[in-house]
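Asks: Just a sequence and a predicted model for now, questions to come.
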Amino acid sequence: TAQWFMAIQNPPHLSCIAPVDAVLDPYRDWAWRGGIASTEFQRWYEQEIREAHAYPPPGTPPRYLEFDLRLQQLEHNLPDSWWLVRTALASLDQAKVPVLQLGSFSGTLNSWMGTLTHLDSMPVGTHTFISAAGTLLDKQLFLDQELLAYYRWCFNGKPASGPALQPPLRYQPANTEVSRSGTGWPPANINFTPLFLQVASETAVTNGNLMPSQNNLNRSSTELGSNTQQDSVTFRTAPLQENLDLAGPLRLELHLSSTASDTAFSAELYEEIVQVQFPNATPPIPTFLNPDISPDMELLTASRQILVSSGVLKASRRALNSQPGSNTQTDYSYENPELLAPGRVYRLDLALDPAARQVKAGSRLVLKLSQISDASLRRSSRTDTVYHNPQYQSRLWLPLAANARLDFAAEVEEIRNNGLETESSNSIFI
């Protein structure tokens, strides 16, 4: 945010600026993302600001900051005037210098991704570059070809050439070597396509399917929370037949009821890549080390999951400024929380971070839906029911390229999942 405020101040010696991972709206995109108090926001202040001042480099006297950011976060849990003066978004039109804003689809600061929803509010002369790499400033090729070229153009009189002729938006989808360009976000010619959440049987309560069409024969709902032994459920597609290009906002349309007046959910979308398949005739290790080789060993598969996008939403903050359409992004109002009536079915539109990625043929899409809590929910007991049936069609909306197809392989046998899940949020081994 401070980087944008520098541009807004227009100091006389500032010729141009290139903000990196700069947050425009700290309330919506960082401190209270999805209506949930962000622990990452607190960690940033305590470790990178407060502790850094208390333990400075040798020779520098320590400073002990008394400002209590957590207290301010709790007191200002709605987008009030306290946040307005700290939000660069409202003052972007005051920036007069050229701007090259930089971000990444693979970075750790997902709060920056909200900036993509504000590209139409950028000052004239702003260019946006989004890399597939997670650490832009560590990439020498990027520094030479992009950032250095931009500053050379800036300090050489800003001619009507080079960076000035670049399109307003350039981005590199993750998992590819290509670059794409456009005039705004979402990209043009995006086809929003649903995958329906389904659970096949009464016993498979922790695993379900993501299907291109609704099936009336499946389990109609899934319970999460106090009255069950689970707080999450995972949905998988069949393997893709061909590469699939995603680029744009992602949205999970949920239909649910709760025994409480408020609840919250997280959604994580992964690409699951098959790494090893153990054939029956070739045991993976010598038989004297593993004498009990199962006859169905070919069903055991090792895989890796790579995070594509994620999002959170508190039910009381579900109100939208406008209903999501075929080419719009989820825009929460946040200003007037609306509690739930216990037992009533509601629709929640859970926004996942914008993403651009090519999902490779043979991979699966995996959606993990979890009931979560913040400080206001942690002490309450609640059971949530997620509906996935013809009347209440919970579904994941994917932004596909206009010529892309959801083409899945037919599966005769279900892969047996009896492996070990790691502590990492980015990988799982089966």
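Replies: Done, it's in.
Asks: separation between Arg33 and Ser221?
Replies: Look at Arg33 and Ser221: by CB to CB, to the nearest Å, they are 27 Å apart. For the C-beta atoms, the positions are set from N, CA and C on the backbone; glycine is no exception.
Asks: just Arg63 next, same as before
Replies: 54 Å.
Asks: Mind checking which of the two has more residues around it?
Replies: Ser221 (16 against 11; other CB atoms under 10 Å).
Asks: can you tell me which residues contact Gly248?
Replies: Gly248 makes contacts with 185-187, 190, 192, 354-356, 399, as judged by CB atoms under 8 Å, 6 or more residues apart in numbering.
Asks: typed the wrong thing, it's Thr234
Replies: Counting by CB under 8 Å, 6+ apart, Thr234 has contacts 206-208, 366-369.
Asks: of the residues you listed, buried ones?
Replies: Using 16 or more other CB atoms under 10 Å as the burial test, the contacts of Thr234 include 208, 366-369 as buried.
Asks: Do a quick rundown of the strands in the stretch 101-250 of the chain.
Replies: For the stretch 101-250 of the chain, the strands defined by DSSP state E, counting those that start in this stretch occupy 126-131, 169-171, 180-182, 190-198, 207-211, 221-225, 232-236, 244-258.
Asks: Export the ones you listed as TSV, with columns for mean pLDDT and distance to Leu89.
Replies: Listed next are these as TSV, based on pLDDT from 0 to 100; distance: least, CB to CB, whole Å:
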stretch	mean pLDDT	distance to Leu89
strand 126-131	91	13
strand 169-171	93	18
strand 180-182	91	21
strand 190-198	92	24
strand 207-211	89	34
strand 221-225	92	35
strand 232-236	94	33
strand 244-258	95	17
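Asks: closest one to Arg304 among the ones you listed?
Replies: strand 232-236 (14.1 Å; CB to CB).
Asks: Can you check what angle separates the closest one from strand 190-198?
Replies: Using axes from the mean of the first three to the mean of the last three CA atoms, to 10 degrees, the inter-axis angle of strand 232-236 relative to strand 190-198 is 120 degrees.
Asks: List the strands paired with strand 232-236, with their directions.
Replies: strand 207-211 (parallel), strand 364-371 (antiparallel) (DSSP bridges).
Asks: what residue ranges in the stretch 301-430 of the chain are flagged as low confidence?
Replies: 301, 324-328, 411-430 (pLDDT under 70).
Asks: Where do the strands of it begin and end?
Replies: Counting by DSSP E, counting those that start in this stretch, the strands of the stretch 301-430 of the chain are 301-314, 346-359, 364-371, 383-387, 395-401.
Asks: Tabulate these (JSON lines), appending distance to Leu256.
Replies: What follows is the strands of the stretch 301-430 of the chain, written out as JSON lines (distance: least, CB to CB, whole Å):
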{"stretch": "strand 301-314", "distance to Leu256": "11"}
{"stretch": "strand 346-359", "distance to Leu256": "6"}
{"stretch": "strand 364-371", "distance to Leu256": "10"}
{"stretch": "strand 383-387", "distance to Leu256": "5"}
{"stretch": "strand 395-401", "distance to Leu256": "13"}
